[in-house]
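> Build me a structure from this.
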Amino acid sequence: MREVRLGLIAFAAVLLALALGGVAYAFHSGGVAECSGCHSMHAPAPGGTSLLIRSTPSNTCLSCHAANDTSPSSYHVMTYPVPASGVPPVERNPGGDFAWLLKNYTFTVRGTTTNELGQTHGHNVVATDFGIQADSDNTTAPGGTFVSANLACSSCHDPHGKYRRTSTGAIVTSGAPIIGSGSYNTSPGNSSGNPIPANQAVGVYRLLLGSGASPGAGANFTGVPAAVAPSTYNQTEATNQVRVAYGQAVVANQQVAWGTWCATCHPQMHSANGYVHPVDQVLSTTVVNNYNAYVNSSNTAGGTQATAFLSLVPFVEGTSDYTVLGSHANNNNSFLNGPGGADRVSCVSCHRAHSTGWTEMLRWNMEGEFMTLADSSGNPSYPGINATGPAAQVQFARGRTIAETQAAYYDRPVTVFGAYQRVLCNKCHAQD
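Next up is the predicted model:
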């Protein structure tokens with residue numbers, strides 16, 4: 001009993017540190033974190049493994065990262081309990097809210113009824129304590145052989161945080177001690193004048209798995225991708241966008257391009273293996289010009305590079321200089337520059353990593369040509385089952401309320417797009 005009490009006290013201390021300490025005193029601190037936050041020596045979860053406090057790795061992760069929030073909150077990646085029908089999930093972190101996995105929609109279009117299961121909205125990490133089951137449609141990863149029933153948070157993230165970036169820029173798994181997270185624009189090494197001290201290190205972006213790690217089915221990661229996020233990243237984008245600065249890094253057995261990293265589990269979804277859309281390729285001059293000029297479907301040529309960035313269509317910057325990426329990552333619209341000639345398209349340009357309000361974890365709805373419609377007065381409106389006029393069209397509402405649709409776009413005002421905005425493929429291709 002004494003050990004249980006000590007474990008609870010230690011866990012409470014962890015939660016207090018998370019609540020009061022901010023990034024500098026975060027639970028993981030870029031690396032292994034406090035052992036007692038995830039493991040219990042004498043009172044592990046029944047039926048679990050590795051002395052975990054919950055029965056599976058994902059259940060353990062979500063015991064801290066899921067919360068019953070009423071507004072976006074820090075490190076939370078799932079609204080739980082899942083909001084009622086018609087009410088959207090709360091979290092707005094760059095990876096997306098896992099609660100969308102449990103939001104099912106049924107609607108009838110031209111006599112055909114569609115049952116859109118929440119499991120189509122993202123990565124179904126198996127976390128039965130939180131209602132998330134294995135994907136029943138895709139028994140293996142699309143374009144790969146990884147078994148979906150084995151998918152866990154730890155399939156992509158290293159819970160022990162061994163991968164680290166040293167003062168020399170090398171990615172290693174031991175040696176230089178990790179002094180903090182390397183994920184943020186405030187992290188050592190990610191801003192000029194704040195280098196990583198000699199013989200020390202920071203954790204890699206989001207504790208991602210790197211070279212030599214295997215998610216399963218014989219697949220092996222060949223490195224970690226580069227990115228920097230603003231230190232506050234889970235927030236509504238009703239006014240300010242959150243810009244994660246994704247970087248292009250290719251150093252053998254250390255760093256890889258984003259598409260190459262995703263292709264560890266989805267090899268056939270990669271352009272090198274015949275997938276149609278380019279991945280990790282430099283944007284053409286035409287695409288760069290389209291992206292920077294495009295504002296919305298009513299204004300496809302009036303934008304400028306200085307204000308062109310759209311968080312719903314991010315791009316990968318053609319650099320692995322973390323001080324550059326750190327200066328670009330922000331949550332206050334301080335840097336909205338669009339792409340240049342060295343920048344690239346990758347998986348993260350169209351998909352979020354966790355889950356979204358749309359099928360295939362896409363950043364926008366691809367199941368129709370319009371993202372927005374109009375109300376009875378002709379004003380722009382997000383589609384929804386509670387909308388009036390043209391915005392109530394079932395094929396675009398897709399069983400969602402207006403609030404759910406807007407939340408899936410991270411609360412961006414409908415006026416940003418205007419009426420009858422076509423899908424955001426047009427941000428790069430300008431075919432509207």
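> Please make it C-alpha for all contacts and neighbour counts, starting now.
Noted.
> What is the neighbour count of Asn199?
12 (other Cα atoms under 10 Å).
> what separates the nearest residue to it once chain neighbours are set aside from Gly31, distance-wise?
Of all residues not flanking Asn199 in the chain, Ala176 sits nearest, at 5.3 Å (Cα to Cα, 6 or more residues apart in numbering). Applying Cα to Cα, to the nearest Å, the value for Ala176 to Gly31 is 12 Å.
> who's more crowded, those two?
Gly31 (26 against 17).
> Using the three-state scheme, assign the more buried one.
coil (DSSP: H, G, I helix; E, B strand; the rest coil).
> Wait, it touches Ser181, no?
Yes - between Gly31 and Ser181 there is a contact under Cα atoms under 8 Å: 7.3 Å.
> so who does the residue nearest to Asn199 touch?
Counting by Cα atoms under 8 Å, 6 or more residues apart in numbering, Ala176 makes contact with Thr166, Asn199, Gln200, Ala201.
> and the first one, what does it touch?
Shown in contact with Thr166 (Cα under 8 Å, 6+ apart): Val172, Ala176, Ile196, Ala198, Asn199, Gln200, Ala201, Val202.
> Just the buried ones out of the residues you listed, please.
With neighbours counted using 16 or more other Cα atoms under 10 Å, the contacts of Thr166 contain these buried positions: Val172, Ala176, Ile196, Gln200, Ala201, Val202.
> Tell me which stretches of the stretch 201-350 of the chain form strands.
201-203, 226-228, 245-247, 281-282, 316-317, 344-345 (DSSP state E, counting those that start in this stretch).
> Export those as TSV, with columns for mean pLDDT and distance to Pro142.
TSV is the format used below for the strands of the stretch 201-350 of the chain (pLDDT from 0 to 100; distance: least, Cα to Cα, whole Å):
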stretch	mean pLDDT	distance to Pro142
strand 201-203	98	29
strand 226-228	98	24
strand 245-247	98	24
strand 281-282	95	21
strand 316-317	98	23
strand 344-345	98	20
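> In contact with Phe130, which residues?
Phe130 touches Asn59, Leu62, Tyr80, Pro81, counting by Cα under 8 Å, 6+ apart.
> Adding secondary structure and distance to Gly122, write those residues out as JSON lines.
Shown next, in JSON lines, are the contacts of Phe130 (DSSP: H, G, I helix; E, B strand; the rest coil; distance: Cα to Cα, whole Å):
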{"residue": "Asn59", "secondary structure": "helix", "distance to Gly122": "17"}
{"residue": "Leu62", "secondary structure": "helix", "distance to Gly122": "16"}
{"residue": "Tyr80", "secondary structure": "coil", "distance to Gly122": "16"}
{"residue": "Pro81", "secondary structure": "coil", "distance to Gly122": "18"}
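> Can you add distance to Met371 and pLDDT and give these back as CSV?
Shown next, in CSV, are those (distance: Cα to Cα, whole Å; pLDDT from 0 to 100):
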residue, distance to Met371, pLDDT
Asn59, 34, 97
Leu62, 32, 98
Tyr80, 27, 98
Pro81, 28, 98
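> I'd like these as CSV, with neighbour count and distance to Cys35 appended.
Output for the contacts of Phe130, formatted as CSV (neighbours: other Cα atoms under 10 Å; distance: Cα to Cα, whole Å):
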residue, neighbour count, distance to Cys35
Asn59, 24, 16
Leu62, 20, 16
Tyr80, 20, 25
Pro81, 14, 27
